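Student: got a predicted structure here, sequence first:
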Amino acid sequence: MAQQNIHYFPGHMSKALEKMRGFVKSVDLLVEVVDGRAPLSSQNPLLKELAGGKPVLLLLSKSDYADPLVTKAWIELFKEEGIPAVAGNLKKDRFVKLLSDAAEPLVAKKRAKEQRYGMIHQPIRVMIIGIPNVGKSTLINNLAAKKKAKVGNKAGVTRAEQWIKLNDDFIVLDTPGILPMNYPDGAQAIRLALLGSMKEEVLPTIDLSIALIGYLKENYPQSLNERFGIEDISNMDSGLVLRLIAERRLLLEGSNPSEEKAAYALIKEFKDGILGSISLEIPHA
Ligand SMILES: Nc1nc2c(ncn2[C@@H]2O[C@H](COP(=O)(O)OP(=O)(O)OP(=O)(O)O)[C@@H](O)[C@H]2O)c(=O)[nH]1
Ligand SMILES: [Mg+2]
């Protein structure tokens with residue numbers, strides 16, 4: 001994807017980070033939710049420092065939107081690197097067993113300690129973290145098996161931390177998404193904008209769509225066939241792709257095909273996962 005220097009300075013982020021540090025001290029386990037379509041770009045690079053040695057489970061969300069073979073390759077790679085990671089569809093798969101399995105050793109340790117000192121039974125405290133829009137609140141609702149947290153397909157839906165008691169063993173903390181202060185890597189910023197983790201206004205829609213088309217040309221050349229009837233885009237000019245989308249959908253500006261409207265439609269369909277199973281990041285690529 002095109003290189004561009006993107007600076008993103010949401011003023012409240014450093015304050016949010018300070019607050020996170022306070023919460024991390026009081027939890028037993030962190031679950032970092034990343035978007036399965038770009039699990040590296042959607043990781044928070046500040047997490048290692050933030051976690052301060054606490055165990056972290058990596059959860060790749062939106063596996064229903066991602067390329068299944070690519071997701072499999074990611075999980076294998078994380079395993080090789082000794083990072084506990086799982087992938088799934090947070091709106092469908094049940095994650096409560098997975099969480100209790102992952103936390104089993106922690107639970108056993110905590111219970112043994114409580115018994116030794118005659119302490120009262122305390123639930124394991126799990127903190128859900130991740131950049132905006134990756135599915136943190138959806139995970140909370142999944143674990144609670146009911147709607148406890150507000151969700152929405154845009155960045156910044158959760159505004160404040162919220163503790164949710166799942167059962168006698170678990171209490172989970174939902175947190176607002178935080179993004180690092182700036183992204184020197186333009187390609188990463190483009191991925192985050194396409195995933196809805198970074199406010200779209202950060203990049204012009206046309207630029208974003210051209211970057212997406214460039215990536216699809218190389219990796220998923222047939223991906224516009226079903227929705228837009230454009231068969232193989234591998235050797236097509238990106239501007240032409242936009243014009244064809246505009247023509248097929250009758251997206252006009254006056255009486256001319258509107259590239260701007262076509263760009264918007266393409267990005268929306270990608271974001272909503274209806275273009276098909278597409279990963280934006282491929283291991284070792
Ligand atoms: N298809 C699909 N959609 C998902 C999945 N997980 C989350 N979503 C959707 O992604 C969007 C964002 O989910 P949220 O749970 O609000 O994300 P969040 O991380 O809490 O976002 P912030 O609170 O803004 O930081 C919503 O539209 C969810 O329905 C998944 O595994 N598959
Ligand atoms: Mg949320």
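Tutor: That came through, no problem. Ligands and ions are numbered 1, 2, ... in the order given.

Student: from here on, just use CA atoms for contacts and neighbour counts.
Tutor: Will do.

Student: measure I140 to ligand 1 for me?
Tutor: To ligand 1, I140 is 8 Å away according to Cα to the nearest ligand atom, to the nearest Å.

Student: can you list the residues of the stretch 101-250 of the chain near ligand 1?
Tutor: Within reach of ligand 1 by Cα under 6 Å from any ligand atom, the stretch 101-250 of the chain has these residues: 132-138, 151-158, 176-177.

Student: buried stuff in stretch 57-71?
Tutor: Going by neighbour count (16 or more other Cα atoms under 10 Å), the buried part of stretch 57-71 is 57-68, 70-71.

Student: among the residues you listed, name the ones in helices.
Tutor: P68, V70, T71 (DSSP state H).

Student: surely the first one is in contact with G276?
Tutor: No. Contact status for P68 versus G276: not in contact, 11.0 Å apart, counting by Cα atoms under 8 Å.

Student: on that earlier part again, filter the residues of the stretch 101-250 of the chain next to ligand 1 down to the buried ones.
Tutor: By 16+ other Cα under 10 Å, those give 132-138, 151, 154-158, 176-177 as buried.

Student: and E247, what does it touch?
Tutor: Taking Cα atoms under 8 Å, 6 or more residues apart in numbering, we find E247 in contact with P257.

Student: could you check how far it is from ligand 1?
Tutor: 29 Å.

Student: what's the answer for V27, then?
Tutor: V27 is 19 Å from ligand 1, by Cα to the nearest ligand atom.

Student: once you drop chain neighbours, what's closest to that residue?
Tutor: In this structure, V27 finds its nearest non-sequential neighbour in R125, 4.8 Å apart by Cα to Cα, 6 or more residues apart in numbering.

Student: then that neighbour would be within a strand, right?
Tutor: Yes. Looking at R125 with DSSP: H, G, I helix; E, B strand; the rest coil, it is inside a strand.

Student: what would the buried residues of stretch 57-71 look like in a markdown table with distance to D168 and pLDDT?
Tutor: Below are the buried residues of stretch 57-71 laid out as a markdown table (distance: Cα to Cα, whole Å; pLDDT from 0 to 100):
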| residue | distance to D168 | pLDDT |
| --- | --- | --- |
| L57 | 21 | 92 |
| L58 | 24 | 94 |
| L59 | 23 | 96 |
| L60 | 26 | 97 |
| S61 | 26 | 97 |
| K62 | 29 | 97 |
| S63 | 30 | 96 |
| D64 | 31 | 96 |
| Y65 | 34 | 97 |
| A66 | 34 | 97 |
| D67 | 37 | 97 |
| P68 | 35 | 97 |
| V70 | 37 | 98 |
| T71 | 33 | 98 |
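
Student: among these, which are within reach of ligand 1?
Tutor: Here is what survives when the buried residues of stretch 57-71 are matched to ligand 1 using Cα under 6 Å from any ligand atom: S61, K62, S63, D64.

Student: let's have the residues you listed in JSON lines, adding distance to A51.
Tutor: Below are those laid out as JSON lines (distance: Cα to Cα, whole Å):
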{"residue": "S61", "distance to A51": "20"}
{"residue": "K62", "distance to A51": "24"}
{"residue": "S63", "distance to A51": "25"}
{"residue": "D64", "distance to A51": "28"}
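
Student: next up, the contacts around V172.
Tutor: V172 makes contacts with R125, V126, M127, I128, I140, W163, I164, K165, L166, as judged by Cα under 8 Å, 6+ apart.

Student: quick one, which of those are buried?
Tutor: Burial by neighbour count, judged by 16+ other Cα under 10 Å, picks out R125, V126, M127, I128, I140, I164, K165, L166 from the contacts of V172.

Student: residues in contact with G177?
Tutor: Counting by Cα under 8 Å, 6+ apart, G177 touches I129, G130, I131, P132, N133, A155, G156, T158.

Student: pLDDT value on K146, please?
Tutor: We have a pLDDT of 77 for K146.
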